[in-house]
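J.: Pasting the sequence and the predicted model now:
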Amino acid sequence: QVQLVESGGGLVQAGGSLRLSCVASGRTFSDLAMGWFRQAPGKEREFVAGINWSAGSTKHADSVKGRFTISRDNAENTVYLQMNSLKPQDTAVYYCAAQVLSPWMVKTAQNQYTYWGRGTQVTVSS
């Protein structure tokens, strides 16, 4: 069983930055592929970014490319999402996800992840 706890959300003005963190426990962190998803009010949960076990491969949604960066620190059991140039449309609950199977592959679909955190709210004001 893997437990995930997100932090770092908050209220920020458009154009500002936030860094989300997700700490994992219950499994060797370097055995996990990790991802970030988000869900805005009235919308479905969507993929934001993913990273494989070694951080040698990452993917970002087109909507955040050039603004958001996923990274991980295996020594700290933590995956990060650096969010720059935030826009009001980035307002959502952000979720961390983990998968044990095939951790060398970056995963972009919700059903490819087994473990989920409870989420952290990000609100961007205009």
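T.: Great, that's in hand.

J.: Which parts of the chain are strands?
T.: 3-7, 10-13, 18-25, 33-39, 46-51, 58-60, 68-73, 78-83, 92-99, 115-116, 120-125 (DSSP state E).

J.: Each with direction, which strands does the last one pair with?
T.: Which is strand 120-125. Using DSSP bridges, the strands paired with strand 120-125 are strand 10-13 (parallel), strand 92-99 (antiparallel).

J.: quick revisit: any chance of the strands of the chain in TSV, plus mean pLDDT, distance to residue 108 and mean neighbour count?
T.: (C-beta placed from N, C-alpha, C; glycine too.) Shown next, in TSV, are the strands of the chain (pLDDT from 0 to 100; distance: least, CB to CB, whole Å; neighbours: other CB atoms under 10 Å):
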stretch	mean pLDDT	distance to residue 108	mean neighbour count
strand 3-7	98	18	17
strand 10-13	98	26	13
strand 18-25	98	17	19
strand 33-39	98	7	25
strand 46-51	98	5	23
strand 58-60	98	6	18
strand 68-73	98	12	18
strand 78-83	98	15	23
strand 92-99	98	11	23
strand 115-116	98	15	18
strand 120-125	98	20	17
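
J.: Identify whichever of those strands lies nearest to residue 105.
T.: Closest approach to residue 105 among these (CB to CB): strand 33-39, 6.4 Å.

J.: follow-up on the earlier one: dump the strands of the chain into JSON lines; add distance to residue 107 as well.
T.: Below are the strands of the chain laid out as JSON lines (distance: least, CB to CB, whole Å):
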{"stretch": "strand 3-7", "distance to residue 107": "15"}
{"stretch": "strand 10-13", "distance to residue 107": "27"}
{"stretch": "strand 18-25", "distance to residue 107": "15"}
{"stretch": "strand 33-39", "distance to residue 107": "5"}
{"stretch": "strand 46-51", "distance to residue 107": "5"}
{"stretch": "strand 58-60", "distance to residue 107": "9"}
{"stretch": "strand 68-73", "distance to residue 107": "12"}
{"stretch": "strand 78-83", "distance to residue 107": "13"}
{"stretch": "strand 92-99", "distance to residue 107": "6"}
{"stretch": "strand 115-116", "distance to residue 107": "12"}
{"stretch": "strand 120-125", "distance to residue 107": "20"}
